[in-house]
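> below are the sequence and a predicted model for it; my questions follow.
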Amino acid sequence: MLKLSAVEASYGLSQVLFGMDLEVNDGEVVSLLGRNGMGKTTTIRAIMGINPAHAGEITFNGVDIRILPSYKVARLGLGLVPEGRQLFPNLTVEENLVATEDNRSDSDTPWNLEKIYDLFPGVADRRNNMGDQLSGGEQQMVAVSRALMTNPKLLILDEATEGLAPLIREEIWNTLETLKKHGESILVVDKNVDALTRIGDRHYIIEKGQVVWTGDSAELRNNEDLQHEYLGV
């Protein structure tokens with residue numbers, strides 16, 4: 001579905017990605033892990049065309065998206081839950097959701113407000129509140145809901161649970177587990193190895209802009225030396 005090959009990306013003269021490789025297959029949950037500053041968000045920004053890669057290949061369902069502008073990437077069916085949520089503060093929760101509504105996966109049973117409110121009852125309770133009147137956890141649930149309202153072929157979450165209270169984190173993980181059971185393809189950036197190995201199929205660890213390890217959940221969960229070397233603080 002999504003494939004990155006030898007991707008390089010920079011901010012001005014500062015190169016961040018040095019030959020990044022990554023794949024997400026249809027129906028998979030794949031994680032991208034690494035310490036802060038190693039290039040995880042830059043990888044997501046390169047995929048979405050926010051900070052275009054200057055070398056390598058990025059394809060989505062066989063379409064070359066490396067040089068496409070962000071709006072065209074999104075229209076192909078990539079739904080982003082960005083780091084920092086980035087809701088529209090002057091719109092209500094419900095307006096935030098319907099503003100992005102689409103059926104980019106051509107689903108026969110697309111996500112709509114009713115399904116979103118069933119998935120996140122807390123979002124339904126806050127539907128008439130403005131975007132800047134929500135807690136961080138509520139904002140994250142709305143951000144996930146907003147991405148789902150586009151009915152993406154691939155859902156991408158950058159720092160899925162960063163800064164959230166434990167109960168909200170668990171709600172997000174439970175939601176991703178539910179989405180996986182329904183066949184949603186997901187690429188997630190986070191630091192919670194226990195949760196990621198619970199729901200993930202495959203994992204990539206990135207160090208200084210390139211992949212240093214990839215494997216399945218059992219391999220990652222059981223390799224404490226690997227976790228300490230590349231993920232420990």
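That came through, no problem.
> which residues does the most centrally placed residue in the chain contact?
In the chain, the residue lying closest to the centroid (Cα atoms, centre = their mean) is L157, at 1.8 Å. Neighbouring residues of L157 by Cβ atoms under 8 Å, 6 or more residues apart in numbering: V81, V144, L176, I186, L187, V188, V189, D190. Where you see a C-beta, it was placed from the backbone N, CA and C, and this is true even at glycine.
> chain center to the longest helix seen in the chain, what's the gap?
Within the chain, and with DSSP state H defining each element, the longest helix by residue count is helix 166-181. How far helix 166-181 lies from its chain's middle: 13 Å, per Cα atoms, centre = their mean, to the nearest Å.
> and for stretch 1-11?
Put simply, stretch 1-11 sits 16 Å off its chain's centre (Cα atoms, centre = their mean).
> now the helices for the chain?
40-48, 70-75, 93-98, 113-119, 121-125, 136-148, 166-181, 193-199, 217-222, 224-230.
> elements contacting the fifth one?
Spelled out, it's helix 121-125. Applying 3 or more Cβ pairs under 8 Å, 6 or more residues apart in numbering; DSSP states H and E, we find helix 121-125 packed against helix 113-119, helix 136-148.
> got the contact list for the residue nearest to L76 when sequence neighbours are not counted?
Sequence neighbours aside, F60 is the residue nearest to L76 in space, at 5.7 Å (criterion: Cβ to Cβ, 6 or more residues apart in numbering). By Cβ under 8 Å, 6+ apart, F60 lies in contact with M1, L2, K3, V73, L76, G77, L78, L154.
> what is the end-to-end distance of stretch 27-40?
For stretch 27-40, the first-to-last residue distance is 21 Å (Cα to Cα, to the nearest Å).
> and that stretch, which residues are buried?
The neighbour-count check on stretch 27-40 (16 or more other Cβ atoms under 10 Å) flags E28, V29, V30, S31, L32, L33, G34, M38, G39, K40 as buried.
> W213 against L231, yeah?
No - using Cβ atoms under 8 Å, W213 is not in contact with L231; the gap is 10.1 Å.
> quick check: neighbours shared by these two?
Common neighbours of W213 and L231 (Cβ under 8 Å, 6+ apart) are I205.
> shaky segments in this structure?
233 (pLDDT under 70).
> which among the helices of the chain is found nearest to S105?
Smallest distance to S105 across the helices of the chain (Cβ to Cβ): 10.5 Å, for helix 136-148.
> against which helices or strands is that closest one packed?
Helix 136-148 packs on strand 78-81, helix 93-98, helix 113-119, helix 121-125, strand 154-157, helix 166-181, going by 3+ Cβ pairs under 8 Å, 6+ apart.
> strand partners (parallel or antiparallel) of the first one?
In other words, strand 78-81. strand 154-157 (parallel) (DSSP bridges).
> centre of the chain versus the partner strand, how much separation?
Its chain's C-alpha centre and that of strand 154-157 lie 4 Å apart, by Cα atoms, centre = their mean.
> stretch 169-188 now?
11 Å.
> cool, and stretch 53-72?
That offset, for stretch 53-72, works out to 17 Å (Cα atoms, centre = their mean).
> what's the span of it, first residue to last?
15 Å.
> now stretch 189-202
12 Å.
> list the buried residues for that stretch?
V189, D190, K191, N192, V193, A195, L196, T197, I199, G200, R202.
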